[in-house]
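Chemist: missing the sequence, but the structure's below:
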């Protein structure tokens, strides 16, 4: 680790090296030296934790290798095939092709006298070929990292690749936490589940916080963030310009807030330096996006049809003809929610969401769609019968200069689209039940929706978040066009809010560095109702007080907003609490994120703030159960409290552990708790 660093870099140090000299012989010494060579100190602990997580998600070494190879092959095919279609196919001859003349469909004089269009295609091929080379170089680095992770999983975690599909993430994380007694990951302290997750989700948590604060709500020219203005292209630019450049080597955002880092400047001048630099970067990237916009549009269009046309024709009911927009995905995602947990939660929303949308049939469009489906289906049926009889009329008969095979393809597409517009038959009209099931998985319900699930207005607002797949793709194409203008004209005016958000929500965790405050589950400062104001908070145990006293300081806040932690009593004093209100958690996102984290990580033990929230949930669940006459399933909150609150312990009282820090003997009882 570099001297004077705010956060000391983690290192993987094999304890066997120190024991090998204690009379174990030459074989033991060689094993220890080999381990010391294999597990060199890690300078970037965020990257290490991310590699451990990605190795689990992608299920082992060979799965990662084959996935990357197939991605490279698919990318190369898309580049070559699209270049062939754009450069070598004479589309004017294809359009003129009929029963009398259908020759010279391929151009013979390519590149002899280069035209402007050919030059554009050559530039397109060159740009994406360089992108393929860059992806191949990234594959080599991924191959090296995956081999390191294979050895780490096999030798340190004792997990083979064939065991990964049967393991849950919290079981792998439990082993990673447990080996810190022998393999030092962080030399400051042993990391627990929350610390490791904060390292993996460090950047994404800031993105979630900015979306939750409404910073990227865009409204211009009858378009909004759900109309495709906020898509993958804009998300990639935000990640590259803001999230990836926020942290220095010490995982601090100070350099992002103050690029010049002049100690003699006032706080306002330091923040202004960061704003000026970020505005300049956004405008420059806007110009670059504008120059590359035509090539990206062409590539995305061809890639979409090559990949999704068959899916649009025969997509299974599990996925449905709709999907969540890019902005709604970030809006629904919770703090510290790892990607595989989030995707699992969204997959569970498709069926109830589609069922809710179908509760409001569009009678006029349905009638028209059924008529079109009948006519096109009849034509397709006749043409299929002709093809099955072996008659050559399907190829030789022309109607309006088009063969019957052309009409078969066209009416098949029309039939598929018209069928997609016909909703499934609804046995019983019950939008309330359908929406309640959606809310159970999305954890999202604006106050204006409550008690009004049956209204068309709510259905329209919900349909803005959950759109047909074709409209989502068209929105992505629109995003490619609008991103240069958003970067050049719109986001520079939001730089002050972006910098203020980073400044106000950042807290420093010991052994982790600067993280998003709500993701650190700082309920006292970022929850709408602080736990200290909740009823039912009992006396805190010494262990809980010690855990609550960990360093969690908002060091980038102004002098009148600084949080002071006592360290001994866990007391916090803060002035001008209203100043932070724009960046507080909205619609209970922080509280829901906290409970979901406990459900996904059953061995994590919370502090006094979390204990207050869980105690309140217990009381509310018990009251709801009593009010309902004791019917239905028992509340889950008591099990959650018993499993995650740190048990009281005295100086001579030690908790039993299964090898990991922050895991008491009561942790296993939470494994059955559902999200």
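Modeler: Arrived safely, thanks for sending. These numbers were taken from a predicted model, which means no experiment stands behind them. Numbers count the residues shown, from 1 in each chain.

Chemist: Beyond the helix or strand hosting residue 293, next helix or strand please.
Modeler: Using DSSP states H and E, residue 293 sits in helix 267-314. Tracing the chain C-terminally past helix 267-314 and defining elements by DSSP H and E, one meets strand 322-324 next.

Chemist: Quick check: closest non-adjacent residue to residue 46.
Modeler: residue 199 (4.8 Å; CB to CB, 6 or more residues apart in numbering). For the C-beta atoms, the positions are set from N, CA and C on the backbone; glycine is no exception.

Chemist: State whether the one you found is indeed within a helix.
Modeler: Yes: Residue 199 sits within a helix when classified using DSSP: H, G, I helix; E, B strand; the rest coil.

Chemist: Can you list the low-confidence ranges for the stretch 301-450 of the chain?
Modeler: Of all residues in the stretch 301-450 of the chain, those with pLDDT under 70 make up the ranges 306-320, 361-363, 390-395, 423-428.

Chemist: in it, which spans are helices?
Modeler: Under the criterion DSSP state H, counting those that start in this stretch, the stretch 301-450 of the chain contains helices at 326-332, 339-347, 350-358, 363-388, 393-396, 404-420, 431-442.

Chemist: could those helices go into a markdown table alongside mean neighbour count?
Modeler: Below are those laid out as a markdown table (neighbours: other CB atoms under 10 Å):
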| stretch | mean neighbour count |
| --- | --- |
| helix 326-332 | 21 |
| helix 339-347 | 15 |
| helix 350-358 | 21 |
| helix 363-388 | 14 |
| helix 393-396 | 13 |
| helix 404-420 | 17 |
| helix 431-442 | 18 |
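
Chemist: Ok, which of the ones you listed comes nearest residue 52?
Modeler: helix 339-347 (13.3 Å; CB to CB).

Chemist: got the angle for the closest one vs helix 350-358?
Modeler: Relative orientation of helix 339-347 versus helix 350-358 (axes from the mean of the first three to the mean of the last three CA atoms, to 10 degrees): 40 degrees.

Chemist: helices or strands up against helix 339-347?
Modeler: For helix 339-347, the packing partners by 3 or more CB pairs under 8 Å, 6 or more residues apart in numbering; DSSP states H and E come out as helix 326-332, helix 431-442.

Chemist: returning to what we had before: as CSV, the helices of the stretch 301-450 of the chain with distance to residue 158 would be great.
Modeler: Shown next, in CSV, are the helices of the stretch 301-450 of the chain (distance: least, CB to CB, whole Å):
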stretch, distance to residue 158
helix 326-332, 36
helix 339-347, 22
helix 350-358, 37
helix 363-388, 57
helix 393-396, 62
helix 404-420, 49
helix 431-442, 35
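
Chemist: how about these, which one is nearest residue 602?
Modeler: helix 339-347 (13.3 Å).

Chemist: low-confidence ranges in the stretch 101-250 of the chain?
Modeler: In the stretch 101-250 of the chain (pLDDT under 70), the answer is 101-102, 220-221.

Chemist: Could I get the buried residue list for the helix or strand that residue 499 is a member of?
Modeler: For residue 499, the host element (DSSP H and E) is helix 495-505. Neighbour counts over helix 495-505 (16 or more other CB atoms under 10 Å) mark 495, 497, 498, 499, 500, 501, 502, 503, 504, 505 as buried.

Chemist: Let me have those in CSV, extended by distance to residue 138 and pLDDT.
Modeler: Below are the buried residues of helix 495-505 laid out as CSV (distance: CB to CB, whole Å; pLDDT from 0 to 100):
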residue, distance to residue 138, pLDDT
495, 30, 89
497, 33, 89
498, 28, 90
499, 31, 87
500, 35, 86
501, 31, 87
502, 28, 87
503, 33, 86
504, 35, 85
505, 31, 87
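
Chemist: Tell me where the chain has strands.
Modeler: 13-14, 183-184, 219-220, 223-224, 322-324, 398-399, 402-403, 466-468, 506-509, 513-516, 552-553, 564-565, 572-573 (DSSP state E).

Chemist: And for residue 124, the neighbour number?
Modeler: Number of residues near residue 124 (other CB atoms under 10 Å) recorded here: 20.

Chemist: Next one: residue 409 relative to residue 387, how far apart?
Modeler: Distance check for residue 409 against residue 387: by CB to CB, to the nearest Å, it reads 12 Å.

Chemist: ok, how many other residues are close to residue 469?
Modeler: If we define neighbours as other CB under 10 Å, then residue 469 has 17 of them.

Chemist: Would you mind measuring from it to residue 323?
Modeler: Taken as CB to CB, the span from residue 469 to residue 323 is 5 Å.

Chemist: try residue 239
Modeler: Counting by CB to CB, the separation of residue 239 from residue 323 is 21 Å.

Chemist: Same drill for those two, tell me which one is more crowded.
Modeler: Each of residue 239 and residue 323 has its neighbours counted (other CB under 10 Å); residue 323 has more, 19 against 14.

Chemist: what's across from that one in the sheet?
Modeler: Counting by DSSP bridges, residue 323 is bridged to residue 467.

Chemist: Could you report the separation of it from residue 240?
Modeler: 24 Å.

Chemist: Likewise for residue 373?
Modeler: 45 Å.

Chemist: show me what contacts the closest residue to residue 283 other than its chain neighbours?
Modeler: Excluding its sequence neighbours, the residue lying closest to residue 283 (CB to CB, 6+ apart) is residue 488, at 5.2 Å. Contacts for residue 488 (CB atoms under 8 Å, 6 or more residues apart in numbering) come out as 282, 283, 286, 287, 290.

Chemist: again, but for residue 456
Modeler: Here residue 456 is in contact with residue 360 (CB under 8 Å, 6+ apart).

Chemist: what do you get for residue 331?
Modeler: Residue 331 touches 211, 212, 444, 465, counting by CB under 8 Å, 6+ apart.

Chemist: Run a quick neighbour tally on residue 137.
Modeler: Neighbour number of residue 137 under other CB under 10 Å is 10.

Chemist: Deepest-packed of the strands of the chain, please.
Modeler: Per-stretch averages of neighbours, counted by mean count of other CB atoms under 10 Å, single out strand 513-516 among these, with a mean of 25.

Chemist: residues in contact with the nearest residue to residue 408 once chain neighbours are set aside?
Modeler: Once flanking residues are discounted, residue 408 sits nearest to residue 383: 4.4 Å by CB to CB, 6+ apart. With contact taken as CB under 8 Å, 6+ apart, residue 383 is in contact with 394, 404, 407, 408, 411.

Chemist: Dump these to JSON lines, plus distance to residue 300.
Modeler: Converted to JSON lines, those look like this (distance: CB to CB, whole Å):
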{"residue": "394", "distance to residue 300": "34"}
{"residue": "404", "distance to residue 300": "33"}
{"residue": "407", "distance to residue 300": "29"}
{"residue": "408", "distance to residue 300": "28"}
{"residue": "411", "distance to residue 300": "27"}
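
Chemist: Please report how far the residue lying closest to residue 216 once chain neighbours are set aside lies from residue 589.
Modeler: Spatial nearest neighbour of residue 216, excluding adjacent residues (CB to CB, 6+ apart): residue 230 at 5.9 Å. Distance of residue 230 to residue 589, computed by CB to CB: 18 Å.

Chemist: More neighbours: which of these two?
Modeler: With neighbours defined as other CB under 10 Å, residue 230 and residue 589 compare such that residue 230 has more, 28 against 25.

Chemist: these two touch, right, the more buried one and residue 482?
Modeler: No: using CB atoms under 8 Å, residue 230 is not in contact with residue 482, being 9.3 Å away.

Chemist: give me the number of residues near residue 225?
Modeler: 22.

Chemist: Any figure for the gap between it and residue 485?
Modeler: 15 Å.

Chemist: returning to what we had before: which ones are touching the residue nearest to residue 46?
Modeler: 45, 46, 49, 50, 191, 512.

Chemist: Considering those residues, which is situated nearest to residue 145?
Modeler: Once CB to CB is applied, the member of the contacts of residue 199 that ends up nearest residue 145 is residue 50, at 9.7 Å.
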